[in-house]
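> using only what follows, build the 3D model:
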Amino acid sequence: MSNVKKYFIWIAILLLAGLLRFYKLGELPSGLTWDEAAIAYNGYSIVKVHRDEWLQLMPISFKSFGDFKAPLAIYINGAVTYLLGITTWSIRLPFALLGVMAVLGMMLMVEQIYLLDKKRQKTRLNFKTAGIISGVLLALSPWHILFSRVGFESGLALALLIWGVFFLLKWQQSSKYKILWLLLSASLLTSTLYAYHSAKVAMPLLVMSVMWWFYKKQILKNRYTLVFFLSMLILSYPVLYDSFAGEGLTRAGVTIFAQTGYTLQTFKTFISNTSSHLSPGFLIKGVADSLRHSTGRWGVLLPTSFILWVLGVWQVIQSYIFETKENKDKTKLSVYLALSFTIFGLLPAIIGQEVPHPNRALLALPGFILFILLGIEHVEVILGNYQKKIKLLIYSLLILLYGTSFVAFAGYYLNSYGQKTSQEFIAGYLETAELAWQYLEGKDDYPPVDQVVMTSQYGQPYIYVLLAGEINPISYHAGALVQFLFLDEVTTGDLSRDNALIIAKPGTFGLQAARATQVIYDDYGREQFWLFVTEKEVDY
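Prediction:
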C-alpha cells in the first residue's frame with residue numbers, strides 16, 4: 001500500500017470520526033450533567049478571576065461538589081468557552097476534538113507497535129493495515145463515541161495517553177530527533193495526571209511496563225531514560241505535591257481499599273469487580289452503573305469486535321501455555337501492550353466501589369483494540385491454507401456483520417439513547433436557569449420578579465444558575481444569588497410567596513401543570529420543569 005493511499009484512507013477515517021462525534025453535539029445527549037456544568041463554570045471562573053468557585057487561586061484540584069476534579073479539562077474548557085461563549089456545544093467541543101485526535105494517535109501508535117514487532121519477528125498484519133484497522137475500530141467504537149460526545153475527562157486522558165505512548169515508541173523507532181520525541185512523550189504522559197484521576201493509577205504502571213519491555217529487549221538507553229523520568233518528575237511535581245499535601249488523593253476514598261482495607265473480603269471484591277468488567281454483559285450489552293456511562297443496550301464492543309477480542313485473548317493464552325520459554329521471551333510488543341493497556345486501564349474501575357464503570361475503565365480501550373488485531377491475526381492463521389476466494393468471502397462476511405451491528409448501534413444512539421437519558425443529563429436545566437435570570441431582570445418581556453425559588457430535586461441547581469448568569473465566584477460569594485432560594489422540594493405553600501418565580505419538578509405533590517405560567521420540555525416533548533409566577537401583593 002502506497003503512502004498516498006494510506007493517507008487518503010486516514011483522512012476518510014478521521015472525517016468519519018469527526019462526523020460521529022460532532023453531529024448534534026450540543027443536542028445529543030440532551031441536557032448537561034452536573035459535572036459538565038461544573039467543569040464549564042470553574043473554567044469560566046479561572047478565565048475571569050483566576051479562581052475556582054470556592055475562590056481558590058489557580059488550583060490543581062478543584063473542590064467542585066467535594067469530588068476534587070482534575071484540572072486540565074477545566075482550564076481547557078475555560079479557554080474554549082471564553083472564545084465561543086457558554087453553550088452545551090462549546091462545553092463539549094474540546095472533548096469531541098480530542099476524540100478525533102485519539103483516532104489519529106491510535107493509528108500512529110499501532111503503526112509504531114507493528115514496526116517494532118516487524119524488526120524482531122514475523123507479523124501477519126502489515127503495519128499500515130494494522131494502523132488503519134485500529135483507526136476504524138476506535139472511530140466506530142460505541143465506548144469511545146459515547147465519551148467523546150460529553151464533557152467527561154476520561155476521553156481527554158485517553159487521547160493524551162495514546163499520543164504519549166506513540167511518542168515513546170517513536171523515540172525507540174526513529175534515529176532522528178530522539179530527545180524531541182522523548183520530551184513530547186514525557187509531557188503528554190504527565191498531562192494525563194492532570195486530566196483524569198484514573199490516569200494516576202494506569203499511566204505510571206503502563207509506562208513502567210513499556211520501559212520493562214525495552215529493557216528486556218536490550219534497547220533501553222540509560223541516558224535517554226534518565227532524561228525521560230526526570231522530565232516526568234519535574235512536570236508532575238505540582239500534582240504530586242497536591243496529592244500528598246493537598247486534596248489530590250481525596251478520590252482514593254471511593255476505592256474498595258478505603259471501604260474494607262486490605263482483607264480477604266477486599267480480594268474477593270477485586271476478583272468479582274474484574275469479572276464484571278470482562279463479562280459479556282458489560283462488554284456487549286452495556287450493563288453499567290449509569291446511563292450517563294452506557295447506552296444501556298450496546299456495550300463497549302460491538303458483537304463482531306467481541307468475537308475477535310475473544311480470539312485474540314485465546315491466542316495470547318495459548319501461546320503462554322504451549323510455547324517454549326525461548327518463544328515466550330520473544331513476546332511481541334503488540335501482545336505486551338494489549339495486556340498492559342487492558343490490565344492497567346481497567347484497574348481504576350476494578351478497584352472502585354461502583355462496578356462496572358465504563359468511564360473509569362476507558363483507558364483500557366487501546367488494549368481491547370490490540371487484542372482485536374491479534375484476533376484478526378488468529379483468523380489469518382486459521383484461514384492460512386484456504387483459497388483466496390474463501391478468505392475473501394469470510395472477511396467480507398465479518399465486515400458485513402461489523403457494519404450491520406454498527407449501523408444498529410448508531411440508529412439506537414440517534415433515535416433512542418437521547419430519549420432514554422434526558423433525565424440522566426437533566427435536559428432543560430441550563431435553559432431553565434437562563435429563564436430564571438430573565439425573570440429576575442425582566443428581560444425579553446418576562447415580568448420581573450423579586451425572588452426565584454428553585455427545586456433541588458434534580459441536584460446542584462446553583463451551578464446551573466451561576467453558569468447561566470455568568471456570575472464570577474467573587475460576586476457569588478459576595479451574595480450574587482441572594483434572590484435565589486434552593487429547596488429540597490417546592491410545595492404548594494411556596495405559591496403564596498409575593499412576586500416570585502417558583503421552579504418545580506413535574507409531578508410535585510399539590511402542583512398542577514395547568515396552573516403553570518410556563519412549562520419546560522425536553523427535546524422529546526416530556527415535561528422537565530414547571531414554572532409559576534406568583535402575584536405581587538398590592539399595598540393600599
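> average pLDDT across the helix or strand harbouring residue 74?
When secondary structure is defined by DSSP states H and E, residue 74 falls within helix 72-84. Looking at helix 72-84 alone, the average pLDDT works out to 96.
> pLDDT score assigned to the nearest residue to residue 134 once chain neighbours are set aside?
Distance criterion Cβ to Cβ, 6 or more residues apart in numbering; nearest residue to residue 134, sequence neighbours excluded, is residue 110 at 4.1 Å. (Each C-beta comes from the backbone N, C-alpha and C, glycine too.) The predicted local distance difference test score for residue 110 is 96.
> report the secondary structure state of residue 110.
Three states are possible here, and by DSSP: H, G, I helix; E, B strand; the rest coil the one that applies to residue 110 is helix.
> and if you look at the one 5 residues further on?
Reduced to three states with three-state DSSP, the structure at residue 115 is helix.
> check whether it really touches residue 172, as I assumed.
No. Proximity of residue 115 to residue 172 does not meet the contact threshold set by Cβ atoms under 8 Å, at 9.6 Å.
> so between those two, which is more surrounded?
Just comparing residue 115 and residue 172: by other Cβ atoms under 10 Å the higher neighbour count belongs to residue 172, 22 against 19.
> what's stretch 433-448 in contact with?
With Cβ atoms under 8 Å, 6 or more residues apart in numbering as the contact definition, stretch 433-448 has outside contacts at 449, 452, 454, 461, 464-465, 467-469, 483-484, 501, 503, 518, 520, 531, 533.
> now the residues you listed: which count as buried?
The neighbour-count test (16 or more other Cβ atoms under 10 Å) applied to the contacts of stretch 433-448 identifies 449, 452, 454, 461, 464-465, 467-469, 483-484, 501, 503, 520, 531, 533 as buried.
> against residue 115, how distant is residue 180?
18 Å (Cβ to Cβ, to the nearest Å).
> then residue 153?
Using Cβ to Cβ, residue 153 is found at 31 Å from residue 115.
> direction included, what does the longest strand seen in the chain pair against?
Among the elements of type strand in the chain, defined by DSSP state E, the one spanning the most residues is strand 527-533. Taking DSSP bridges as the criterion, strand 527-533 pairs within the sheet with strand 500-504 (antiparallel), strand 518-521 (antiparallel).
> show me what the last one is in contact with.
Which is strand 518-521. Counting contacts by Cβ under 8 Å, 6+ apart, the residues outside strand 518-521 that touch it are 428, 431, 432, 435, 506, 513, 527, 528, 529, 530, 531.
> about what we covered before: ok, how many other residues are close to the residue nearest to residue 134?
One way to gauge burial is a neighbour count; for residue 110, by other Cβ under 10 Å, it gives 31.
> kindly report the same for the one 4 residues further on.
Neighbour count for residue 114, taken as other Cβ under 10 Å: 23.
> contacts only, for residue 503.
Residues in contact with residue 503, defined by Cβ under 8 Å, 6+ apart, are 432, 436, 452, 453, 454, 455, 490, 529, 530, 531.
> what of residue 498?
Taking Cβ under 8 Å, 6+ apart as the criterion, residue 498 is in contact with 450, 534, 535, 536, 537.
> could you redo the last one with a cut-off of 10 Å?
With contact taken as Cβ atoms under 10 Å, 6 or more residues apart in numbering, residue 498 is in contact with 449, 450, 451, 534, 535, 536, 537.
> which one (most neighbours) among those residues?
Each of the contacts of residue 498 was scored by neighbours using other Cβ under 10 Å; the highest score is residue 449's, at 23 neighbours.
> show the pLDDT at residue 247.
Each residue has a pLDDT score; the one for residue 247 is 68.
> isn't residue 23 right up against residue 149?
Yes. Applying Cβ atoms under 10 Å as the test, residue 23 and residue 149 come out as touching, 9.0 Å apart.
> identify the contacts common to the two.
residue 96.
> among the contacts of residue 503, which are in strands?
Judged by DSSP E, the subset of the contacts of residue 503 located in strands is 452, 453, 454, 455, 529, 530, 531.
> where does the prediction get shaky in the stretch 401-540 of the chain?
Judged against pLDDT under 70, the low-scoring parts of the stretch 401-540 of the chain cover residues 537-540.
> please redo it, this time with the cut-off set to 50
Confidence mapping of the stretch 401-540 of the chain against pLDDT under 50 gives the ranges 540.
> quick one, domains of the protein?
For the chain, the domain assignment from automatic domain parsing gives the residue ranges 3-30+87-420, 429-533.
> out of those domains, nearest to residue 46?
When those are ranked by proximity to residue 46, the top entry is domain 429-533, at 9.5 Å, counting by Cβ to Cβ.
> just the endpoints, please. Distance across that closest one?
18 Å (Cα to Cα, to the nearest Å).
> likewise stretch 82-91?
The distance separating the two terminal residues of stretch 82-91, taken as Cα to Cα, comes to 10 Å.
> which ones are touching the residue nearest to residue 301 when sequence neighbours are not counted?
Closest residue to residue 301 in three dimensions, ignoring its sequence neighbours and counting by Cβ to Cβ, 6+ apart: residue 283, at 5.0 Å. For residue 283, the contacting residues are 143, 277, 299-303, 305-306, 309-310, 356, 358, 368, by Cβ under 10 Å, 6+ apart.
> let's go with 6 Å and repeat that
When contacts are counted by Cβ atoms under 6 Å, 6 or more residues apart in numbering, residue 283 is found next to 299, 300, 301, 306.
> hmm, which two among those are most spread apart?
Using Cβ to Cβ, the two most remote members of the contacts of residue 283 are 300 and 306, lying 9.1 Å apart.
> what about the two, which has more around it?
Neighbours were counted for residue 300 and for residue 306 using other Cβ under 10 Å; residue 300 has more, 27 against 19.
> count the neighbours of the closest residue to the more buried one other than its chain neighbours for me.
Spatial nearest neighbour of residue 300, excluding adjacent residues (Cβ to Cβ, 6+ apart): residue 143 at 3.9 Å. Applying other Cβ under 10 Å, we find 27 residues neighbouring residue 143.
> if we only consider the contacts of residue 498, which is nearest to residue 211?
Of all the contacts of residue 498, residue 451 has the smallest distance to residue 211: 60.9 Å, by Cβ to Cβ.
> make sure the closest one is actually in contact with residue 483.
Yes. Residue 451 sits in contact with residue 483 when judged by Cβ atoms under 6 Å, with a separation of 5.4 Å.
> distance to residue 53 added to the contacts of residue 283, as CSV?
Formatted as CSV, the contacts of residue 283 follow (distance: Cβ to Cβ, whole Å):
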residue, distance to residue 53
299, 36
300, 33
301, 38
306, 42
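> which of those fall within helices?
With DSSP state H as the criterion, helices contain residue 306 from among the contacts of residue 283.
> any chance of the strands paired with strand 527-533 in a markdown table, plus distance to residue 262?
Converted to a markdown table, these look like this (distance: least, Cβ to Cβ, whole Å):
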| stretch | distance to residue 262 |
| --- | --- |
| strand 500-504 | 48 |
| strand 518-521 | 49 |
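> and residue 9, which of those strands is closest to it?
Minimum separation from residue 9 across the strands paired with strand 527-533 (Cβ to Cβ) falls at strand 518-521, 43.4 Å.
> and the residue nearest to residue 300, what pLDDT?
Per-residue confidence (pLDDT) for residue 143: 93.
> so which strand or helix has it?
Applying DSSP H and E, one finds residue 143 within helix 142-148.
> quick check: buried residues in that helix?
By neighbour count, with 16+ other Cβ under 10 Å as the criterion, the buried positions of helix 142-148 are 142, 143, 144, 145, 146, 147, 148.
> quick one: work out the angle between the very next helix or strand once past that helix and helix 72-84.
Helices and strands here follow DSSP H and E; after helix 142-148, the next one along the chain is helix 153-173. Angle between the axes of helix 153-173 and helix 72-84 is 110 degrees (criterion: axes from the mean of the first three to the mean of the last three Cα atoms, to 10 degrees).
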